[in-house]
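Peer 1: could you look at this predicted model? Sequence included:
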Amino acid sequence: MEFSGRRWDTGLVKTPTVTRAEARSAQIETIKVVSRRLIAEKGVSGLSLREVAREMGLVSSALYRYFATRDELLTALILDAYNDLGAAVERCDRRFSERQPRERWRQTALAIRRWAKRHPHEYALIYGTPVPNYVAPPATIEAATRVTSVLSRILADDWIRPRSSHRRVEPPHGPRPSTFLEVESLSLYLGGVPPSMYVKALMAWTQIFGFISFDLFGHYVGSVRNLNLMFDEVIDELADSLGLGR
């Protein structure tokens, strides 16, 4: 052994100490990885704490220390999916933040589709068929709105630019109060955009996700030869509808 300063060097390799919190975090991540694989193989209906425990070689009661119920685990997976997609879209918008609104809109829509293509099962979990008897808690709302917040910001930023800078598109019937919409809620995201444009904004969001869902779930088979070109056309049509500047 050699003495160095105040410590003896025994020549032994020391194993890094893992804290209880780190071990718990690692086990939770393992549970999520196994759960995602089960969903990919069997669908959400095949997800249960008992099945996850079996795959991990544990007794099912061991998982209750991490997730009290299947729905609690499902909520964690949903939050992860929403936040991963939201982070990807936010990174994209930051990268193109200095571009014209139409190009920001285009790149953001493409980022949503790229994420969905890379994570089809996670996309299906948050935008596919609702899970029977599962009710998402309010905690998922903030994560769920990250993507639409980016789309809203693009539209709002464009709307507050000088009106002479690009063509404006107003509804043909003129301003009309959308009494069937949660106007106060939407105004949180569409600040600066008149309520007469809210329906168009909601339609645009719906069409982006509707196209991606049809694409992933095979509903365009036999009717669309080149989905990439069609998506480009959809994005441009929506930009025209919203009057986004070039």
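Peer 2: Received it, and whenever you're ready, just let me know what you need. Numbering: from 1, shown residues only.

Peer 1: for this structure, just list every one of the helices.
Peer 2: 20-42, 49-56, 70-95, 101-118, 120-127, 140-144, 146-159, 183-187, 198-216, 227-242 (DSSP state H).

Peer 1: name the surrounding residues that touch the last one.
Peer 2: When you say that, I think you mean helix 227-242. With contact meaning Cβ atoms under 8 Å, 6 or more residues apart in numbering, helix 227-242 is reached by 102, 105-106, 109-110, 113, 155, 158, 169, 197, 200-201, 203-204, 207-208, 211, 215, 220, 224. C-beta coordinates here come from the backbone N, C-alpha and C atoms, glycine included.

Peer 1: of those residues, select the buried ones using a PyMOL command.
Peer 2: This is the PyMOL syntax for the buried subset of these, where burial follows 16 or more other Cβ atoms under 10 Å:
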select buried, resi 102+105+106+109+113+155+158+197+200+201+204+207+208+211+215
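
Peer 1: related to what we said a few turns ago, out of the helices of the chain, nearest to residue 63?
Peer 2: Nearest to residue 63 among these is helix 49-56 (4.8 Å), distances taken as Cβ to Cβ.

Peer 1: the closest one vs helix 70-95, what angle?
Peer 2: Using axes from the mean of the first three to the mean of the last three Cα atoms, to 10 degrees, the inter-axis angle of helix 49-56 relative to helix 70-95 is 70 degrees.

Peer 1: buried ones in helix 49-56?
Peer 2: For helix 49-56, by 16+ other Cβ under 10 Å, it's 49, 51-53, 56.

Peer 1: before we move on, back to that, looking at the helices of the chain, which is closest to residue 64?
Peer 2: The nearest among the helices of the chain, by Cβ to Cβ, is helix 49-56 at 7.2 Å.

Peer 1: CA atoms only for that closest one, dumped as CSV, please.
Peer 2: Provided in CSV are the C-alpha atoms of helix 49-56 (Å, rounded to 0.1, in the frame of the first residue of the first chain):
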residue,chain,number,x,y,z
LEU,A,49,-48.1,-5.1,-13.2
ARG,A,50,-48.2,-8.9,-13.0
GLU,A,51,-47.1,-9.3,-16.6
VAL,A,52,-44.3,-6.7,-16.1
ALA,A,53,-43.1,-8.5,-13.0
ARG,A,54,-43.1,-11.8,-14.8
GLU,A,55,-40.9,-10.4,-17.6
MET,A,56,-38.5,-9.0,-15.0
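
Peer 1: quick one: contacts of that helix?
Peer 2: Contacts of helix 49-56 (Cβ under 8 Å, 6+ apart): 30-31, 34-35, 37-38, 59-60, 62-64, 67, 69-70, 73.

Peer 1: need the buried ones from those residues selected in PyMOL.
Peer 2: Entered in PyMOL, the line below selects the buried ones among the contacts of helix 49-56, by 16+ other Cβ under 10 Å:
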select buried, resi 31+34+35+38+63+67+70+73
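
Peer 1: among the helices of the chain, which comes closest to residue 134?
Peer 2: Counting by Cβ to Cβ, and looking across all of those, nearest comes helix 70-95 at 5.7 Å.

Peer 1: by contact count, what packs against the closest one?
Peer 2: helix 20-42, helix 49-56, helix 101-118, helix 120-127, helix 140-144, helix 146-159 (3 or more Cβ pairs under 8 Å, 6 or more residues apart in numbering; DSSP states H and E).
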